[in-house]
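Trainee: what's the 3D shape of this:
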Amino acid sequence: MAEQDAPNSARPAGSNGRPLAERVATRLFYPTSRPREKALRESVSGEVILVTGASHGIGKAAARKLAAAGATVLLVARSLEDLERVAAEIREAGGTAHVYQSDITEFDAVEALGQRVLAEHGRVDVMINNAGRSIRRPIDKSYDRFHDFTRTIDVNYLGPVRLLLTLLPSMREHRRGHIVNISTWGLRMPPAPRWSAYGASKGAFDIWLRTVATEIAADGVTTTSVYMPLVHTRMSAPTDFSGVPGLTADEAADLICHAVVARPLEISPWWTGAVQAFSDLRRGAAQRFMERGMGRRSGK
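Mentor: Here you go, the predicted model:
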């Protein structure tokens, strides 16, 4: 699901509408890397880059930055009107953008999308898997809502798998290509209350991509998993994250550009490795912390 910037009318004035304390916390705890303009241009000029969820938020911001650096961006999302608006902005700024309306949950249409972009552009050099759906709901509110799980798994896992099954043969044949997956820092943390549908679906694609990466590396195809921290967008807006440090869509797009240029295996907040190690070594303690602490607060 495409994202857009969350309203921040309740935020005190400051850089990007954020108070100083929040901006400092963001710099300390979250990755905010951005490539130099020259490095970005050298990396993406003339490249064909497909961005899902490109109509709003992170996807829109990333597409604009990549197009400004000389990439041909293929904009994918459900809303044709919104996509046309993004494409027009890119073209007015001198960039190249093509619109592809598609619902990532319609698997036959997604396969056709992959075949169409390959037929029209000859290749996809970089695929940015940004589209996503987030649901935060306690399990007792989902007893009669099985679709909470099917719709998250379709958007966050099965849809991008279907698209990559179409694009990967071409990447491997050309012996070049890069896949950037916008994941979540939640996968580096102990499972948190109310996030079962979202966490499971994001985790499924994360494991799938990292497994596939071991098979395609010999063919020159690389992957980057971006364990994105909180980003204040339309997708995160339904949950009250006011006062919680978070990136803007523009800062998140800088991380994506860094992933495209440097191609690291992963990008994650610096402290999540230690948290994940503790969670793996002391799973019982981590579980009890979530049950007694966050679980209790979650129920309020």
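
Trainee: buried ones in the helix or strand containing residue 170?
Mentor: If you go by DSSP states H and E, residue 170 is part of helix 159-174. Going by neighbour count (16 or more other CB atoms under 10 Å), the buried part of helix 159-174 is 159, 160, 161, 162, 163, 164, 166, 167, 168, 170, 171, 172. The C-beta positions use only the backbone N, C-alpha and C, and glycine is treated the same way.

Trainee: other SSEs contacting that helix?
Mentor: strand 48-52, helix 107-121, strand 126-129, strand 177-184, helix 196-216, strand 221-228 (3 or more CB pairs under 8 Å, 6 or more residues apart in numbering; DSSP states H and E).

Trainee: As PDB, could you dump the C-alpha coordinates of it?
Mentor: The C-alpha trace of helix 159-174 is given here as PDB (Å, rounded to 0.1, in the frame of the first residue of the first chain):
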ATOM      1  CA  GLY A 159       2.900  -9.700  -4.200                       C
ATOM      2  CA  PRO A 160       6.600  -8.700  -4.300                       C
ATOM      3  CA  VAL A 161       7.600 -12.400  -4.600                       C
ATOM      4  CA  ARG A 162       5.300 -12.700  -7.700                       C
ATOM      5  CA  LEU A 163       6.900  -9.600  -9.200                       C
ATOM      6  CA  LEU A 164      10.500 -10.700  -8.500                       C
ATOM      7  CA  LEU A 165       9.800 -14.200 -10.000                       C
ATOM      8  CA  THR A 166       9.200 -12.300 -13.200                       C
ATOM      9  CA  LEU A 167      12.100  -9.900 -13.000                       C
ATOM     10  CA  LEU A 168      14.800 -12.200 -11.600                       C
ATOM     11  CA  PRO A 169      15.400 -14.300 -14.800                       C
ATOM     12  CA  SER A 170      16.200 -11.100 -16.700                       C
ATOM     13  CA  MET A 171      18.500  -9.800 -13.900                       C
ATOM     14  CA  ARG A 172      20.400 -13.000 -13.800                       C
ATOM     15  CA  GLU A 173      20.700 -13.200 -17.600                       C
ATOM     16  CA  HIS A 174      22.200  -9.700 -17.700                       C
END
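
Trainee: ok and that helix relative to strand 48-52, angle-wise?
Mentor: Inter-element angle recorded for helix 159-174 and strand 48-52: 170 degrees (by axes from the mean of the first three to the mean of the last three CA atoms, to 10 degrees).

Trainee: how far is helix 159-174 from where the chain is centred?
Mentor: Here helix 159-174 is found 18 Å from its chain centre; the criterion is CA atoms, centre = their mean, to the nearest Å.

Trainee: One more: stretch 110-121?
Mentor: Remark: stretch 110-121 is offset 21 Å from the chain centroid, using CA atoms, centre = their mean.
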